[in-house]
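**Q** Next input, structure requested:
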Amino acid sequence: MDPFRFKWWALLGVSVLAFTAFLDATIVNTALPFIQTGLNATILQLQWVANIFPIMLSMTMIAVGKFADLWGRKRVFYFGVVIFAIAALGAGLSPSIEWLVLFRGLQALGASIIFIASAALLSDVFPEEERVRAISIYGGVTGFGLMIGPFLGGVLIGLLDWRWVFWINLPLIAAGLAACSFSLRGHSHEKHAVKIDWLGLFLLIFGLGALMYGIIEGAQNDWLATSAWILLGMGIAALICLIILDELRQNPLLDLHIFKENLIVLAALSCALAGVASTVFMFFDPLYLRILRNLSPFSIGLLIAVIPAAQAVISFVFSRMVKQFGLANLLFFSVFAAFLAIGFHRFIELETPLLFLVLPFFLLGINWGLSNAAMITSVNAVIAPSKIGAAIGTIATIWNIVGSILLASSTAVFHSTEVRTSFLPAFHSAIDLNIAFAATLLAVASWVRVKLKKHA
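**A** Numbering: from 1, shown residues only. You can find the predicted model right below:
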């Protein structure tokens, strides 16, 4: 009996379920202004709806891969899907912003499991000679989820209600589970070969959580609350301890030794700015379009979709770009594109032509797309095969951590300015913070690029 006879059904099921998780990463952004109105939330409260997703990914993505190896990818994958489905139902039913943040966090946990386990499962259901083709199809489907999210969110809100951006996941999950139920195969796993750094995982979760909450607590109390400074200190101390601990361990949670390679440093800088693009601007831009420009949900979704659409375009032409320009040049251009996009945001005013917005949105998408593709390619080019998975997990964690910290910091700056003025000056203040951050990273990237040229 052919062990791969249901491989295409498995690909269909896994791709549909992963599609829902990737869709959820962008569909909610269009709904943010309408969630704010519907649940009577402040900007600081609303940022948790967006920020809890990358925070949870930062906390869990590295550990999830090890749990999948320990308990079995299929079992862990189904567990993630069930969590995601329950959270999607609960998010749509949320009576308050606090309940929505809770269910959104659970969604992120489910999505983290789906992200890690779904692609790995394809190697169990496809023969080796067909895996590249299967992964390519899977990547196209999930990329489409990112791209269609903002537009689909606008359509659902316009026709129904913001709650449907969560409930749309349920029929998709049912269809995906139906296809997986008879087609997925488990893989053999050796429990003794898997080691989980529980102390490192605790330090990452506690440190990041304390740091985020300290920033928000400080902004809410004009930085006069002692508890905010205590939380900030504890968060920074925990993350410093994690870095020191990882330097001393043979199998660290975050493998920082990979940054001895200049190409990996350049990839990390690009991904750090991609974290800003996928969190800060996917949060503030829909609010600007709704609050100041009073655009319809459909129009907001269509404009915001330019960001993931540019990311999808990059994925299709990336191989040719590498041959023509080289990885290092593409990564440097990615950093420069993000800097330009953030800088262009500073010129956005009340009457700015909507066509102008396409330019910074498209540049953010270019950074996002190049960061993802070039980072994976760079890791495969300079990192030992046995450490590729850990290296990708480390850089992906940096992506999400930087995005989370910058979003929390940007909303804190926004809140402090809005108390004295109005939305547009507060928006510009938040942009100024991100310009300073992007300029710093661009300067570092320029230095690293020069070093790479000298050693070429």
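**Q** contacting residues around residue 408?
**A** By CB atoms under 8 Å, 6 or more residues apart in numbering, the contact set of residue 408 is 47, 51, 212, 215, 216. Where C-beta positions appear, they are placed from N, C-alpha and C, glycine not excepted.
**Q** Find me the pLDDT at it, would you?
**A** According to the prediction, residue 408 has pLDDT 82.
**Q** swap in the one 3 residues further on?
**A** At residue 411 the predicted local distance difference test score is 86.
**Q** so it is in which element?
**A** Residue 411 is part of helix 388-418 when elements are defined by DSSP states H and E.
**Q** Report the secondary structure state of residue 350.
**A** Local secondary structure at residue 350 is given as coil here, using DSSP: H, G, I helix; E, B strand; the rest coil.
**Q** and it, how many residues sit next to it?
**A** Applying the criterion other CB atoms under 10 Å, we find 9 residues in the vicinity of residue 350.
**Q** again, but for residue 398
**A** So residue 398, with other CB under 10 Å, has 21 neighbours.
**Q** residues contacting it?
**A** Listed by CB under 8 Å, 6+ apart, the contact set of residue 398 reads 268, 271, 272, 275.
**Q** go again using 10 Å as the cut-off
**A** 58, 254, 256, 259, 267, 268, 269, 271, 272, 275, 375 (CB atoms under 10 Å, 6 or more residues apart in numbering).
**Q** Pick out the lowest-pLDDT one from the contacts of residue 408.
**A** Confidence-wise, residue 216 trails the rest of those, at 70.
**Q** Am I right that that residue is in contact with residue 412?
**A** Yes: taking contact to mean CB atoms under 10 Å, the distance of 6.7 Å between residue 216 and residue 412 places them in contact.
**Q** which residues are common contacts for those two?
**A** Common neighbours of residue 216 and residue 412, using CB under 10 Å, 6+ apart, are 44, 47, 228.
**Q** Which stretches in the stretch 201-350 of the chain count as helices?
**A** With DSSP state H, counting those that start in this stretch as the definition, the stretch 201-350 of the chain shows helices at residue ranges 226-248, 262-276, 282-287, 297-304, 306-325, 327-345.
**Q** and the last one with helix 262-276, angle?
**A** Put plainly, it is helix 327-345. Interaxial angle, helix 327-345 versus helix 262-276 (axes from the mean of the first three to the mean of the last three CA atoms, to 10 degrees): 30 degrees.
**Q** Check which helices and strands helix 327-345 sits against.
**A** Counting contacts by 3 or more CB pairs under 10 Å, 6 or more residues apart in numbering; DSSP states H and E, helix 327-345 packs against helix 262-276, helix 306-325, helix 354-382, helix 423-454.
**Q** between these, which gets nearest to residue 159?
**A** If you check each of the helices and strands packed on helix 327-345 against residue 159 by CB to CB, helix 306-325 wins as the nearest, at 21.2 Å.
**Q** pLDDT of that closest one, averaged?
**A** Summarised as a single mean, pLDDT over helix 306-325 is 80.
**Q** State the helix or strand in which residue 28 lies.
**A** Element membership for residue 28, per DSSP H and E: helix 7-38.
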